[in-house]
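> got a sequence here, can you model it:
(chains A and B)
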Amino acid sequence: MKWHEKMLNIDRRWIYLILGVAVIVPAVVSFHVPVNVTPEVRRVYDFIEDLKPGDIFYVGIDYDPASLAELHPMAYAILDQCFRKDIKPVVATLSQFGAGMAEQVLSEVAAEYGKESGIDYCYLGYKPYPAITIMLMGVDFRVPFPQDYYGTPIDSIPMMRYVHNFDDLKGVISLSAGTSSEFWIIYGYGRYFMPLALGVTGVMAADYYPYLQSGQIFGLISGIKGAAEYEALTEYKGEGLKSIPYQTASHVVILAFIIVSNIGYFASRRSKK
Amino acid sequence: MTTVELLWNGLAAFLTLCIFSFLYKDNPFYKFAEQLVAGVALGYWTMLLYHTTFTDKVLIPIFQQGKLHYILPTIMGIMMWTRFSKKLAYLSRIAIAFYIGVGTGVALPLYMYNYVFRQLQATVVPLQFSWLGLNSLLMVTFVTCTLFYFFFSKEHKGTFGGLSKVGIYTLMAGFGASFGLTVMGRVALLVQRIIFLREYFIALFGS
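Residues are numbered from 1 along each chain as shown, chains lettered A, B, ... in the order given. Got it, this is the predicted structure:
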């Protein structure tokens, strides 16, 4: 086998091993990587920053544990910003495996600020069928969520007494790893014209830039890089910023593999001629 | 970390390593972890649906609050299940037809508005002599060229072929951006597990 053929036929286990080593390096040798904040992330930050104490803001934890790595850091940083500014978040999940995670992140951040459930925030829990749930929230939160996650009737929750539908909210952010972000665009924005921002996984991010450009969403946080940017803005010390050195090391290795395989590809094309 | 947390995190670390072992080759540890996830997920979701849908929308409204009109959608829900009976399967079509009819009626205008009209409106904007204007011009050009590429009733030759080639490069740029973001996303999953394992072992053995 010629050298360029070897470059094109590297055993995948070697790739995994080298990538594994590259990811472990920052765990042993720590280094700093600067994070530049993009305008689409800054717009989300500015929007929440401009809200007044007591304003109601909806945070959708619309992802499951498989996307926790990218979206959980966003949830922590956003809720931290809300509580720091005395903004009252209404939290719900449209992902079937998101209920427990949403409760964990909300109760952890709320405890840091001494916030009380039902007074400073409200956790509605999970409801299936995102499109129907979003449409019904636009009518009245009491229809899809007659009670909150803990079984308290909505009308008995002090914070929700005067919150009926989207008219009573200042905005929505959906942290989503699936189709629920599309449903938020179609029904949340398209039907009720809610100011909407999205936090999405890296895989989904490219698909949502057109909605940013068309003004259907006012901000977009994409993947772990977006989460790190948001943490940099809010000065929240979370997993996003912590991940960046690891990400950088592994991206360098992947780039090296792409370059090696391209050299192999062009060399083998030339030798065939 | 408390002892209980250490035990739970130890289980999570063990399962993480079981899943990673698949990178070498398929093995019983990987199969065990995979089947555990599938089983737990199924059980969790079944109970969650029972408590968040069946209790909320059937049991409480009908039997506790006396809202008898909830019986109608409940019957339609039961009709969906008749697909498992050869004799009664036709009943499921009524419920499915209702569901599709309502769904299409509600969704169609909103899909057209959000996916077609708003996107068209954002693509074709008035020309202006600025960086923003140049951006808009490039966008219109590349969108048009991409549409040329998907026009199959004319051979892609000459000017038409050139324009469709620009369309291919536009698509390639889009796929490249998607690939880059996908790599970032997949690596993030690995990184999060490595950080978790690192913190677990530090808690266990000290730094």
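
> that's a strand at A:Gly199, yeah?
Yes. According to DSSP: H, G, I helix; E, B strand; the rest coil, A:Gly199 belongs to a strand.

> was I right about it contacting A:Ser180?
No. Contact between A:Gly199 and A:Ser180 fails when scored by C-beta atoms under 8 Å: they sit 11.5 Å apart. To be clear about C-beta, it is placed using only N, CA and C from the backbone, and glycine gets the same treatment.

> in chain A, which spans are strands?
For chain A, the strands defined by DSSP state E occupy A:56-62, A:88-93, A:122-126, A:171-176, A:196-200, A:219-222.

> can you show me the CA trace of the longest one as CSV?
Read that as strand A:56-62. The C-alpha coordinates for strand A:56-62 follow below in CSV (Å, rounded to 0.1, in the frame of the first residue of the first chain):
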residue,chain,number,x,y,z
ILE,A,56,-42.4,37.3,33.1
PHE,A,57,-40.2,35.5,30.7
TYR,A,58,-40.8,32.0,29.3
VAL,A,59,-37.8,29.5,29.2
GLY,A,60,-38.5,26.3,27.3
ILE,A,61,-36.2,23.4,28.3
ASP,A,62,-37.1,21.5,25.2
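
> ok so, going back, what is in contact with A:Gly199 and A:Ser180 at once?
Residues touching both A:Gly199 and A:Ser180 by C-beta atoms under 8 Å, 6 or more residues apart in numbering or on different chains: A:Ser174.

> circling back: so which of the strands of chain A comes closest to chain B?
strand A:122-126 (5.5 Å; C-beta to the nearest C-beta).

> give me the contact list for that closest one.
A:88-96, A:98-99, A:102-103, A:106, A:117, A:141, A:145, A:148-150, A:157, A:159-160, A:163, B:48, B:52.

> for A:Gly199 and A:Ser180, indicate the residue with more neighbours.
Set A:Gly199 next to A:Ser180 and count neighbours by other C-beta atoms under 10 Å in any protein chain shown: A:Gly199 wins out with 34 against 24.

> what is the more buried one paired to in the beta sheet?
A:Leu175, A:Ile221 (DSSP bridges).

> distance of it relative to B:Leu6?
Between A:Gly199 and B:Leu6 the computed distance is 32 Å (C-beta to C-beta, to the nearest Å).

> same check, this time on A:Asp140
From A:Asp140 to B:Leu6 the distance is 46 Å (C-beta to C-beta).

> tell me the angle the helix or strand that contains B:Gly39 makes with strand A:122-126.
Per DSSP states H and E: B:Gly39 is located in helix B:28-49. Here the directions of helix B:28-49 and strand A:122-126 differ by 110 degrees (axes from the mean of the first three to the mean of the last three C-alpha atoms, to 10 degrees).

> list the buried residues in the very next helix or strand once past helix B:28-49.
Using DSSP H and E, the helix or strand that follows helix B:28-49 in sequence is helix B:71-80. For helix B:71-80, the neighbour count (16 or more other C-beta atoms under 10 Å in any protein chain shown) marks B:76, B:79 as buried.

> do stretch A:121-137 as well
A:121-127, A:130-137.

> quick one: end-to-end length of it, please.
End-to-end distance of stretch A:121-137: 17 Å, with C-alpha to C-alpha, to the nearest Å as the criterion.

> pLDDT on it, on average?
Averaged across stretch A:121-137, pLDDT comes to 93.

> so which bits of the stretch 51-200 of chain A are right by chain B?
The interface of the stretch 51-200 of chain A toward chain B, taken as C-beta under 8 Å from any C-beta of the partner chain, is made up of A:66, A:68-70, A:96-97, A:99, A:125-128, A:131, A:135, A:146-147, A:185-187, A:189-191.

> and the buried ones among these, selectable in PyMOL?
Listed next is the PyMOL selection for buried residues among these, using 16+ other C-beta under 10 Å:
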select buried, chain A and resi 68+69+70+96+97+99+125+126+127+131+135+147+185+186+187+189+190+191
